[in-house]
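Colleague: Build me a structure from this.
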Amino acid sequence: MISVYQLKPAFQRMLRPIVRFLAAHHITANQITVAAFVLSCLLGWMLYMYGPTHTWLYVSLPVFLFIRMALNAFDGMMAREYNQATRLGAILNEIGDILSDLVLYIPFLYVRHICIWNILVFSVLLTLTETAGIMGLQIQASRRYDGPMGKSDRAFWMGLLGLLAAFNYPTAFVTGMAVWVVNALMLYTIWNRFSGALEESK
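Modeller: Numbers count the residues shown, from 1 in each chain. Prediction:
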């Protein structure tokens, strides 16, 4: 199944000039990681506080998710290509990704037509999906990025759902089905990551 993650090499090539600019101005990978998390918290807080009465704010979600995807690419490229990889950076990157997702998506609890249980299950599964990716390292395998519903895929679909929510478009049935499909694909992703890690570790 096709995953947005497969577009990563082309996306990185497009961003490489900006990475060179950031490195030339002594911006570090860890600074970008922290900045992405702080910006995620700010937007998540805005959506939590004002989203229920100003649904148009959800227009900002797909825009920011694209920016965050670029920031995540920046820190990874700088860590690898400019010898900035550190143990602290690895921890910040993994924890920051999970927490950023949670603070950005939990405000969907207050969007009209979205069932609270759908979003709670979604929040648990996104945490398990990223944990499944990390667990490969614990059994002498690589960090797993198997799809079909990794971080980039979640960003695409939740950004689209946020855009629709901004205009109060989706019906309860459509919204509920969309979130459950994403949840089902995350379960499949968890299975893929665990099974891939076990196979690799052999």
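
Colleague: for the helix or strand harbouring residue 67, packing partners?
Modeller: Assessed by DSSP states H and E, residue 67 sits inside helix 60-81. Counting contacts by 3 or more C-beta pairs under 8 Å, 6 or more residues apart in numbering; DSSP states H and E, helix 60-81 packs against helix 8-24, helix 29-50, helix 87-105, helix 151-166. Placement of C-beta: from N, CA and C, glycine included.

Colleague: go again using 6 Å as the cut-off
Modeller: Helix 60-81 sits against helix 8-24, helix 29-50, helix 151-166, with contacts defined as 3 or more C-beta pairs under 6 Å, 6 or more residues apart in numbering; DSSP states H and E.

Colleague: Just say which of those helices is most tucked in.
Modeller: helix 151-166 (a mean of 20; mean count of other C-beta atoms under 10 Å).

Colleague: Any buried residues in the next helix or strand after that one, and which?
Modeller: Sequence-wise, the next helix or strand downstream of helix 151-166 (DSSP H and E) is helix 172-201. Within helix 172-201, the residues that qualify as buried are 175-176, 178-179, 182-183, 185-186, 188-190, 192-194, 196-197, counting by 16 or more other C-beta atoms under 10 Å.

Colleague: same check, this time on stretch 49-58
Modeller: 51, 55, 57-58.

Colleague: Mind checking the pLDDT average for it?
Modeller: Across stretch 49-58, pLDDT averages out at 90.

Colleague: average pLDDT across stretch 128-135?
Modeller: Average pLDDT, stretch 128-135: 95.

Colleague: Name the surrounding residues that touch that stretch.
Modeller: 94, 98, 143-144, 186, 189-190, 193-194 (C-beta atoms under 6 Å, 6 or more residues apart in numbering).
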